[in-house]
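In: Coordinates for the following, if possible.
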Amino acid sequence: MIPSGTESHFGGSSTSEQLVWHWRCLDEAGSEVERADDPRFPSQGDAETWVGEVWRDLREEGVESVVLLEGDREVYGPMSLST
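Out: Numbers count the residues shown, from 1 in each chain. Purely as a prediction, here's the structure:
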């Protein structure tokens with residue numbers, strides 16, 4: 001499980017206005033999974049690296065797929081987290 005309130009090493013000194021990349025987490029039915037934290041990232045690469053590191057934890061939380069967002073704009077997805 002991903003601890004809530006954990007500081008990410010991605011973009012630690014950036015302002016919140018610069019942290020626009022994030023993930024929408026979806027369950028098997030395609031409904032959004034509410035999570036305790038919603039980490040934001042300064043770049044697409046940082047967001048993709050993060051999901052690559054924690055996808056197994058997300059699966060344990062009931063997340064089946066993710067959608068990458070830049071602000072409110074959907075960049076791609078849903079992307080399955082199934083192996």
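In: Report the distance from stretch 25-44 to the chain centre.
Out: 5 Å (Cα atoms, centre = their mean, to the nearest Å).
In: buried residues in it?
Out: By neighbour count with 16 or more other Cβ atoms under 10 Å, stretch 25-44 contains the buried residues 25, 26, 33, 39, 40, 41, 42, 43. (Each C-beta comes from the backbone N, C-alpha and C, glycine too.)
In: can you give me the helices in the chain?
Out: 44-60 (DSSP state H).
In: Point out where it drops to low pLDDT.
Out: 1-17 (pLDDT under 70).
In: at 90 instead, please
Out: By pLDDT under 90, the low-scoring segments of the chain are 1-19, 36-38, 83.
In: Find the nearest non-adjacent residue to the residue nearest to the spatial centre of the chain, please.
Out: Geometric centre of the chain, nearest residue: residue 23, 3.3 Å, by Cα atoms, centre = their mean. Leaving aside its chain neighbours, residue 23 sits nearest to residue 66 (4.6 Å; criterion: Cβ to Cβ, 6 or more residues apart in numbering).
In: residues in contact with stretch 69-77?
Out: Identification of contacts with stretch 69-77 by Cβ atoms under 8 Å, 6 or more residues apart in numbering yields 20, 21, 22, 23, 24, 44, 65, 66, 67, 68.
In: now the residues you listed: which count as buried?
Out: 20, 21, 22, 23, 24, 65, 66, 67, 68.
In: which residues does the third one bridge with?
Out: Going back to what we said before, that points to residue 22. residue 69 (DSSP bridges).
In: That one against residue 38, yeah?
Out: Yes - the criterion here is Cβ atoms under 8 Å, and residue 22 meets it with residue 38 at 6.0 Å.
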